[in-house]
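Undergrad: Pasted the sequence and its predicted model underneath.
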Amino acid sequence: MCSNTTKLSRAFVLYGWLAAVITTMIPYSCPLFANEAAPADPSNATMRLDATLAKGGSLISDGSGNQAVFFPAFVPANEKIVWTFERPLPLGLWKIDVNFHQAAGRYSPNQVLLFEGENSRTLGSLDFYYIASALGNYTRSLGFYSDKAVMSVALLKSAQRNLDTAAVVSITLTPATASAVDKLPLILQLPLTGPQVSLPFPLPSGVYVVNTAKPVSLRWDLVDGRSFTTPSTRESRVWLDQPVKPVVAGGESVSEVGFLRYPPATGPAMSVPGNASLTNVTAPEKEELHTLILTGYRGPGIPRPDLLPGGKNVAVVTAWDDGNLMDLQVSACLKRHGMKGTFYMNSGSPMMDHLGALEEDGMEVGSHSWSHPAYYTSSPKRCLDESVEMRRLLENRLGHPVVSFAYPFNYQPAYDADGDYVLRALRKAGYWSGRVTTTGDNRIDSIPEPLAMRPNFAWSVGPAKMKEKYEELRQQTGSILYFWGHSYECANDGIKKLEEVLTAVENRQDAWYATLGELMVWKFAREQFRIEAAPSSAGGQAFTLKMPWLHPYLRQVPLSLTLPDGVTEVSWDGQKLPAVEGRVQVKW
């Protein structure tokens, strides 16, 4: 462990006089279109916080004669490594360079950089989970501005993965102008003048995570005359590509607003051979007609769709992210237990060369985006491109529609003048479902948002929890047991654990084991088809079924209908089918 604030205190003897000067240079409220925020005197104000000055953590050598501080694997979440200032950091805009050392091997990315005021109050933070890392020594930079005094800089361990974190060799703070940080992540802690947020300089384009002490809605007045308002919440995300005047809307009272800006990133080149169009999945304007004749019909009543095919109580679906080669073992395991899975791919997933093997096992292939970015820290264009091009790539490889998607790094809404552009990207790309990692329950007739569909939990909850949840859900017909994971979690003895979990819910007579795509096709069929009585025929009472055209590949799920009393046989478009326990399943 290390602790040394004395050296840091001596450093502030040199810089302390800047506080009074900079306080007069940087006003608490600057006009929106002011010139660049004035930095501290750049001639002799750079500060370096070495690892040996920190309190907390453990020290290692970076191999170049420097010490680096890190969180060892055994340290629990929420522990801190802290550099405490003898005197407050001078007010102003700062460029922060965090110099890392990462040894070879697996490590945890779960640490957050904090700027703390009096009583350890957080004045801004950056989660390195979303920042790219590298082996050896590397630097990651950001900008920081606050109108409040900063008393310390800290690293927070944000999750326990039983892995060492990357080590920090030093943190360098340099007075900066706005142009020096306009391509970097940017932390701003800003006061309000009346309802308007006081900006020290025009905000550069990017995604902004906005934090307030209590739920508020913000109105974003754009210079092109448009405006939009984000929902009332303590944390929201917006995409800005032009100067704005943020205003607290709805009369809520807050004294300051925190901004974390992610700069726009174009992402990798995304191209698919032939650049073929996305597959047309459905065409509402092309209505299909089918004739259903019921023998033994006594009336009244009409056929109606079951909540789940065959009148089952629970749909059991599983989902697996990232396209690891362990997918093949998980797929085989699911098949042995009579279950199915949806396996989500990125363009660089090792499984991209084995998609056919998954489908031969009865599994579904879905999209996990082209390059696995966090959508809620990406631009609207990046979200749309990642969604469209990965679907195009998969359809090019498979030769049929791809309708299922899983969000990298979970889903959070992000807004522009046209609404939540994260959901909009999936909708425009033509997906029917979008899997998140936030947990919750669903029923086939009450999924709040299919493009942000919650699973019940991860498969790793174990067999007892899985069985308990199934018994709970089966009490309500139409329930969905939905669990997810990564196949690499099944390495070593993980497959044995997965076998135990699947055994807990296999071979249930009241279960429908399906893929996410099949579940969404069934949902579509239930919601879209219409049935009307037609003139009777010699064979029995006739009904006409109308529904939009659907791509033939997706018609693998039969249409399951509950029949009126007395029906013994059904004719479906001229094909004779038996009525079994008051139901019939027809191909469409």
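TA: On my side now, so go ahead. For clarity, every value in this text was computed on a predicted model and none was experimentally measured.

Undergrad: Every contact and neighbour count from this point should use C-alpha atoms.
TA: OK.

Undergrad: what about the closest residue to Phe74 other than its chain neighbours, distance to Ser108?
TA: Computed as C-alpha to C-alpha, 6 or more residues apart in numbering, the closest residue to Phe74 that is not its neighbour in sequence is Asn162, at 6.0 Å. Separation of Asn162 from Ser108 (C-alpha to C-alpha, to the nearest Å): 8 Å.

Undergrad: Looking at these two, which is more packed in?
TA: In terms of neighbours (other C-alpha atoms under 10 Å), Ser108 is the more surrounded of Asn162 and Ser108; the figures are 20 against 14.

Undergrad: Do I have it right that that one meets Thr165?
TA: Yes. Look at Ser108 against Thr165 with C-alpha atoms under 8 Å: they come within range, at 4.7 Å.

Undergrad: ok so, going back, which residues does the residue nearest to Phe74 contact?
TA: With C-alpha atoms under 8 Å, 6 or more residues apart in numbering as the criterion, the residues that contact Asn162 are Ala73, Phe74, Ser108.

Undergrad: Kindly report the same for Glu116.
TA: Taking C-alpha under 8 Å, 6+ apart as the test, what Glu116 contacts is Thr122, Leu123, Gly124, Val150, Met151, Ser152, Val153, Ala154.

Undergrad: okay, whichever strand in the chain runs longest in CSV with CA atoms only?
TA: Assignment by DSSP state E gives strand 206-222 as the longest strand of the chain. Provided in CSV are the C-alpha atoms of strand 206-222 (Å, rounded to 0.1, in the frame of the first residue of the first chain):
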residue,chain,number,x,y,z
GLY,A,206,-20.7,14.1,-29.4
VAL,A,207,-22.9,12.0,-27.1
TYR,A,208,-23.5,13.7,-23.7
VAL,A,209,-24.4,11.8,-20.5
VAL,A,210,-26.2,14.4,-18.4
ASN,A,211,-26.4,13.9,-14.6
THR,A,212,-28.4,15.9,-12.0
ALA,A,213,-28.9,15.5,-8.3
LYS,A,214,-32.6,14.7,-8.8
PRO,A,215,-34.8,13.9,-11.8
VAL,A,216,-35.2,16.8,-14.2
SER,A,217,-36.1,17.2,-17.8
LEU,A,218,-33.9,19.3,-20.1
ARG,A,219,-34.9,21.2,-23.1
TRP,A,220,-32.3,21.4,-25.8
ASP,A,221,-32.7,24.5,-28.0
LEU,A,222,-30.7,24.0,-31.2
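
Undergrad: Quick one: distance of that strand to the chain centre.
TA: 19 Å (C-alpha atoms, centre = their mean, to the nearest Å).

Undergrad: Could you do stretch 116-135 as well?
TA: 20 Å.

Undergrad: contacting residues around the longest strand of the chain?
TA: The contact list for strand 206-222, computed with C-alpha under 8 Å, 6+ apart, reads 227-250, 252, 254, 256-264, 376-379.

Undergrad: Give the buried subset of the residues you listed as a ChimeraX selection command.
TA: Command for ChimeraX that selects the buried part of these, burial taken from 16 or more other C-alpha atoms under 10 Å:
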select :227,228,229,230,232,235,236,237,238,239,240,243,244,245,246,247,248,249,254,256,257,258,259,260,261,262,263,264,376,377,378,379
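
Undergrad: quick one: the helices in the protein?
TA: 6-15, 18-25, 178-181, 327-336, 355-360, 380-398, 421-429, 463-473, 494-503, 516-528 (DSSP state H).

Undergrad: now those helices as JSON lines including distance to His368, mean pLDDT and mean neighbour count?
TA: Formatted as JSON lines, the helices of the chain follow (distance: least, C-alpha to C-alpha, whole Å; pLDDT from 0 to 100; neighbours: other C-alpha atoms under 10 Å):
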{"stretch": "helix 6-15", "distance to His368": "46", "mean pLDDT": "39", "mean neighbour count": "15"}
{"stretch": "helix 18-25", "distance to His368": "48", "mean pLDDT": "34", "mean neighbour count": "15"}
{"stretch": "helix 178-181", "distance to His368": "32", "mean pLDDT": "94", "mean neighbour count": "17"}
{"stretch": "helix 327-336", "distance to His368": "14", "mean pLDDT": "98", "mean neighbour count": "20"}
{"stretch": "helix 355-360", "distance to His368": "14", "mean pLDDT": "98", "mean neighbour count": "17"}
{"stretch": "helix 380-398", "distance to His368": "8", "mean pLDDT": "97", "mean neighbour count": "22"}
{"stretch": "helix 421-429", "distance to His368": "11", "mean pLDDT": "98", "mean neighbour count": "21"}
{"stretch": "helix 463-473", "distance to His368": "25", "mean pLDDT": "98", "mean neighbour count": "16"}
{"stretch": "helix 494-503", "distance to His368": "22", "mean pLDDT": "97", "mean neighbour count": "17"}
{"stretch": "helix 516-528", "distance to His368": "14", "mean pLDDT": "96", "mean neighbour count": "20"}
